[in-house]
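Trainee: Requesting a structural model of the entry that follows:
(4 chains)
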Number of protein chains: 2
Amino acid sequence: MQKAAGATGSKGSSGGGRRQATKAKLYEAAVTLIAEQGFSATTVDEIAERAGVAKGTVYYNFASKAELFEELLRYGVGLLTESLQRAADDTERSGGTKVAALDAMIRAGLDFIATYPSFTQLYVAELWRTGRAWQSTLLVVRQQAVAVVEEVLREGVAAGELSDEIDIPLTAAALVGMVLVAALDWQAFQPERSIDDVHAALSRLLQGRVGGSRA
Amino acid sequence: MQKAAGATGSKGSSGGGRRQATKAKLYEAAVTLIAEQGFSATTVDEIAERAGVAKGTVYYNFASKAELFEELLRYGVGLLTESLQRAADDTERSGGTKVAALDAMIRAGLDFIATYPSFTQLYVAELWRTGRAWQSTLLVVRQQAVAVVEEVLREGVAAGELSDEIDIPLTAAALVGMVLVAALDWQAFQPERSIDDVHAALSRLLQGRVGGSRA
DNA sequence: GTTTTTGCACTGACCAGTCAGTTTAAAAAC
DNA sequence: GTTTTTAAACTGACTGGTCAGTGCAAAAAC
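Mentor: Below you'll find the model as predicted:
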C-alpha cells in the first residue's frame, strides 16, 4: 500500500522513515488478511508474520489491533478521495463538462478498486456496521469521499448540465454504490472483462443511454 | 424472519413445527448479531441467548455455526429473489413496459432492504470475501438474484425498449449495486428520507433523467 | 546513546463444540 | 382415562484450544 505521507505518528518528520516503512508493511499485510477473513478472524500473529516483523513490533507501532485497523481505514480512504478529486480537477482544467468530470471519477474509482481490491472490499464490509469502535472513523471518512461526488453534481446542476430535479445526496450515494458494486463484482465474478468494458457500461448508465429510449 | 416453508428438516411434516419455530428464532437472532458484529465476532452463546434457547439447542438444529449461517443466507436470498420476480411478473401481467418492470424491481428491492436491513448488510459484507467456507453458497445465491435482473434487461433489449449496446451482466450488477448501496446508505446515514425519495432518485438514474441533457 | 526491532515465554479471557442427562408431548398399553 | 413407553427436543456445565496483549533482555539500526 505504499508509504503514508503527512503527519502520521508521534515523531515523524525528522530522522527517517524506518517506522513508516514498518507501518506500511503492516498496512499491506493487514489489508489483505482482513479483507479475506474479516477483522475478528484475522490474528495479530498472522499480520506480523505476513509483514515479516515480530509481534512485539506491531504493538510498538500501534496501541492495539483495532487502532491499526482504524489508521488503515483513514489512510486508504485518503488515497481514494485524493484520486477522485484529482480526476475532477483534471477534467475541469482541460475544459471538460461536469458530466465528463463524473465520468472521469468513475474511471478513477475503477482504477482505485483495481489497484486496491482488498481495501475496497474491507471498506464495503465494514461501512454500514453499527456499534463497532471505528464507526465514527468510517462516518467521517465516508463523508469525505461522497462529498467529492456531491460537489460535482451540485456544480453540474448549477451549470444547467444536469436536471435540477435530482436529489444530490441520494444520487451521489447511488453513483458511488454503482461503481463500488459493479467493480467488486467485476473483480470477483467477471474478471475476464476489461476495465474499459466496465467503464463503458457504467458510463452508459450515467448518461442515460440505457433506459432513455434509443435506437 | 417468519417461518420457512418447504422441505427443510429431517422429519418436518407430521406432528408440528417445534423445530421450525426454534430454527426461525435462531435465524432471527443470528441475522441481527452477525450483521452488527460480523460472523467471527458473534458467538454462539450470544445467538442462543438472544433466541432464548440453550447453546446445545443450536447444535441440535445445526451442524455448526457456519452451517447456521449458510442456511440463513439461502433462506434470505430466496425471499429477495421471490420478491423481485413477483415485482417483474406483476408488471408484466398488467401490461407494463420492461423499464416499468425494472422500476418495480427497484421498489421491491428497497422494500426488502427496509424490511430486512440486517440481512442485506450481512450479505454485502460477505459477498466478495474470498476463501471462506460459504463462498460457493454465496456464488449460487448471488447468481440467482442477479439473473432475475438480467432476464428483464434481455427482454427489454429484445423488445427494442433498451439500447442493444448495453452490456447485460455488467449493467445488471451496476443496477443491483446502485440499489443496494443507496438503500444501505439511506438507512444508515439519511434515515429521515422517505422510501419514495430514494425510489425517485434511483428511478431518475435508471431512466437517464440525470445526465441526459434535460431542462 | 537513543530509538526501534526482535524473540519468546506467559497469562487470562474467551469461545466452538461436546455430552450425559432432563423435559416434552404424543403414542401405546392397560 | 390413566399409566407407561418412546423418541425427539432441549439443556448447560465442561473441555481443549485459540488469541490479544504483556514483559523483558538482548540485538540492530540510526
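Trainee: I figured A:R19 was touching A:N61, is that so?
Mentor: Yes - the pair A:R19 / A:N61 is scored as a contact, 6.4 Å apart, by CB atoms under 8 Å. For every residue, glycine as well, the C-beta is placed using N, CA and C.
Trainee: Can you point out the buried residues in stretch A:68-88?
Mentor: Within stretch A:68-88, the residues that count as buried by 16 or more other CB atoms under 10 Å in any protein chain shown are A:68-81, A:83-85, A:87-88.
Trainee: Also stretch A:30-44?
Mentor: A:30-39, A:41-42, A:44.
Trainee: Same list, those, but as TSV with distance to DNA strand D please.
Mentor: Formatted as TSV, those follow (distance: CB to the nearest atom of the strand, whole Å):
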residue	distance to DNA strand D
A:A30	11
A:V31	15
A:T32	15
A:L33	10
A:I34	11
A:A35	15
A:E36	14
A:Q37	10
A:G38	11
A:F39	9
A:A41	7
A:T42	6
A:V44	4
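Trainee: And stretch A:151-170, how far out from the chain middle?
Mentor: Stretch A:151-170 has its average C-alpha position 23 Å from the chain's average C-alpha position, going by CA atoms, centre = their mean, to the nearest Å.
Trainee: which other helices and strands contact the longest helix seen in chain A?
Mentor: In chain A, taking DSSP state H as the definition, the longest helix is helix A:65-93. On a contact count with 3 or more CB pairs under 8 Å, 6 or more residues apart in numbering or on different chains; DSSP states H and E, helix A:65-93 meets helix A:18-37, helix A:55-61, helix A:98-115, helix A:117-127, helix A:135-158.
Trainee: make it 7 Å
Mentor: In terms of contacts (3 or more CB pairs under 7 Å, 6 or more residues apart in numbering or on different chains; DSSP states H and E), helix A:65-93 is packed against helix A:18-37, helix A:98-115, helix A:135-158.
Trainee: among the ones you listed, which is nearest B:T97?
Mentor: Among the helices and strands packed on helix A:65-93, helix A:98-115 comes nearest to B:T97, with 26.0 Å by CB to CB.
Trainee: mind listing what A:D196 touches?
Mentor: Taking CB atoms under 7 Å, 6 or more residues apart in numbering or on different chains as the criterion, A:D196 is in contact with no other residue.
Trainee: does it sit in a helix or strand, and which one?
Mentor: Per DSSP states H and E: A:D196 is located in helix A:195-206.
Trainee: so what's A:T32 closest to, chain neighbours aside?
Mentor: A:S118 (4.8 Å; CB to CB, 6 or more residues apart in numbering or on different chains).
Trainee: Would you mind confirming that that neighbour makes contact with A:A29?
Mentor: No - checked against CB atoms under 7 Å, the pair A:S118 and A:A29 is beyond contact range at 10.6 Å.
Trainee: ok, those two, which is more surrounded?
Mentor: In this view A:S118 and A:A29 are compared by other CB atoms under 10 Å in any protein chain shown, and A:A29 has more residues nearby, 22 against 19.
Trainee: pLDDT value on the more buried one, please?
Mentor: The score at A:A29 is 95. That number is its pLDDT.
Trainee: Also A:Q135?
Mentor: 87.
Trainee: And A:S14, by the same measure?
Mentor: 31.
Trainee: And for A:S213?
Mentor: 49.
Trainee: likewise A:I166?
Mentor: On the pLDDT scale, A:I166 gets 93.
Trainee: Report the contact partners of it.
Mentor: Here A:I166 is in contact with A:L153, A:V157, B:R204, B:V210 (CB under 7 Å, 6+ apart).
Trainee: can I assume the first one is in contact with A:A174?
Mentor: Looking back up the chat, that one is A:L153. No - A:L153 is beyond contact range of A:A174, at 10.7 Å (criterion: CB under 7 Å).
Trainee: okay, these two: which has more neighbours?
Mentor: Of the pair A:L153 and A:A174, A:A174 is the one with more neighbours under other CB under 10 Å, namely 28 against 22.
Trainee: What helix or strand is the more buried one located in?
Mentor: Going by DSSP H and E, A:A174 is part of helix A:168-189.
Trainee: Residues contacting that helix, please?
Mentor: In contact with helix A:168-189 (CB under 7 Å, 6+ apart) are residues A:106, A:109-110, A:113, A:117, A:120-121, A:124, A:146, A:149-150, A:153-154, A:193, A:198, A:202, A:205, B:128, B:170, B:173-174, B:176-178, B:180-182, B:185, B:190, B:193, B:197-198, B:201-202, B:205, B:210.
Trainee: which bits of chain A sit near DNA strand C?
Mentor: Applying CB under 7 Å from any atom of the strand, one finds that chain A approaches DNA strand C through A:11, A:15, A:18-19, A:21-22, A:52-57, A:60-61.
Trainee: and those as TSV, adding neighbour count and distance to DNA strand D?
Mentor: Shown next, in TSV, are the residues of chain A next to DNA strand C (neighbours: other CB atoms under 10 Å in any protein chain shown; distance: CB to the nearest atom of the strand, whole Å):
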residue	neighbour count	distance to DNA strand D
A:K11	8	12
A:G15	8	6
A:R18	8	5
A:R19	17	10
A:A21	12	8
A:T22	17	10
A:G52	11	13
A:V53	17	12
A:A54	11	8
A:K55	13	5
A:G56	9	4
A:T57	17	9
A:Y60	11	8
A:N61	18	12
